[in-house]
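Student: with the sequence up front, the predicted model follows.
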Amino acid sequence: MRTTGSCRAFLTDPVPDEVLTRCFDAARFAPSGGNRQGWKVVAVRDATIRGRIRNLHVARWAEYTDGIARGIVPFNTYPQPKDAPPPAHRPMDPAWLAKVNAFAQQIDTIPVHLLVFVDLRTLAVADHRLDRQSIVGGGSIYPFVHNLLLAMRNEGLGSSLTTLLCASEAEVKELVGAPEPFALAALVLVGWPAAPLPTKLRRRTVESFATVDRFDGPALSMG
């Protein structure tokens, strides 16, 4: 958990089926609503299909970076109060932007694209009546996705998770023949890393987000 970061430098060497199978074998023990296990994964190796996925992803990436440049959270539908401070996001550092733009343009060279789908009939969406964007249904698929990332890290593989491609769900489903009622939940790019994987990630401290008894309660800490 402390070393599974997004890889953006991959070798083109193939990833054997047995390695991917071990990752899926570990990931399948993820929790899901009612233990329905509604996931379905298409491991895309075909270069032509990967190229079409790349084209769809680049278009969505352009929307995302344009939104960030305008100071908004792209693809977010939650109405922001006028007096609320804008959500924090990573500054558009030119060097960082150039690096990730180059990465987006060449994802078709990454040897495996995992398209993670979920059967919508299996989701327990307990917040569907609330007057806000729904998030709960993802609890039945994203633990599986994160298990995949951890399992691939354990195999020495690099991985990169994105949900931007979900905005092009109809095109992706047609591309790989995914039927109703399956929805696209994630694209996971997989390959052998071209540089050493991280040994320690940087994240916010526990005290910055965990409190006791109340939202505004005292920070949780080791003392």
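Tutor: Good, I have the coordinates. Numbering: from 1, shown residues only.
Student: report the longest helix in the chain, please.
Tutor: Determined from DSSP state H, the single longest helix within the chain is helix 47-69.
Student: centre of the chain to stretch 135-143, how far?
Tutor: Computed by Cα atoms, centre = their mean, to the nearest Å, the chain-centroid distance of stretch 135-143 equals 12 Å.
Student: got it, and stretch 98-115?
Tutor: For stretch 98-115, the distance to the chain centre is 14 Å (Cα atoms, centre = their mean).
Student: picking that back up, pull out the buried residues from the longest helix of the chain.
Tutor: Buried positions in helix 47-69, judged by neighbour count with 16 or more other Cβ atoms under 10 Å: Ile49, Arg50, Arg52, Ile53, Arg54, Leu56, His57, Val58, Arg60, Trp61, Tyr64, Ile68. (Each C-beta comes from the backbone N, C-alpha and C, glycine too.)
Student: check contacts around the second one.
Tutor: When you say that, I think you mean Arg50. Val44, Ile107, Asp108, Ile110, His113 (Cβ atoms under 8 Å, 6 or more residues apart in numbering).
Student: of those residues, which is the nearest to Asn101?
Tutor: Using Cβ to Cβ, Ile107 comes nearest to Asn101 of the contacts of Arg50, at 11.5 Å.
Student: and what about Phe117, helix, strand or coil?
Tutor: The three-state assignment at Phe117 reads strand, by DSSP: H, G, I helix; E, B strand; the rest coil.
Student: ditto for Lys40
Tutor: strand.
Student: tell me the residue furthest from the middle of this structure?
Tutor: Most distant from the centre of the chain: Gly223, at 34.0 Å, with distances by Cα atoms, centre = their mean.
Student: and Arg28, what does it touch?
Tutor: Contact analysis of Arg28 by Cβ under 8 Å, 6+ apart lists Gln37, Phe144, Asn147.
Student: correction: Lys40
Tutor: Counting by Cβ under 8 Å, 6+ apart, Lys40 touches Val116, Phe117, Val118, Asp119, Ala178, Phe182.
Student: could you give the mean pLDDT of the strand ranked longest in the chain?
Tutor: Assignment by DSSP state E gives strand 182-191 as the longest strand of the chain. For strand 182-191, mean pLDDT rounds to 98.
Student: quick thing: my sequence starts at 135, can you match it?
Tutor: With 135 as the first residue, the last one maps to strand 316-325.
Student: could you list every helix and strand in contact with that strand?
Tutor: Applying 3 or more Cβ pairs under 8 Å, 6 or more residues apart in numbering; DSSP states H and E, one finds that strand 316-325 makes contact with strand 246-253, helix 276-288, strand 292-296, helix 303-310.
Student: most tightly packed of these?
Tutor: Neighbour counts (mean count of other Cβ atoms under 10 Å) averaged over each of those peak at strand 246-253, with a mean of 22.
Student: tell me the angle it makes with helix 303-310.
Tutor: 120 degrees (axes from the mean of the first three to the mean of the last three Cα atoms, to 10 degrees).
Student: report the angle between the helix or strand bottoming out on mean pLDDT in the chain and helix 181-203.
Tutor: Least confident element among the helices and strands of the chain, by mean pLDDT, DSSP states H and E: helix 228-239 (a mean of 88). Going by the same axes, to 10 degrees, helix 228-239 is angled at 150 degrees with respect to helix 181-203.
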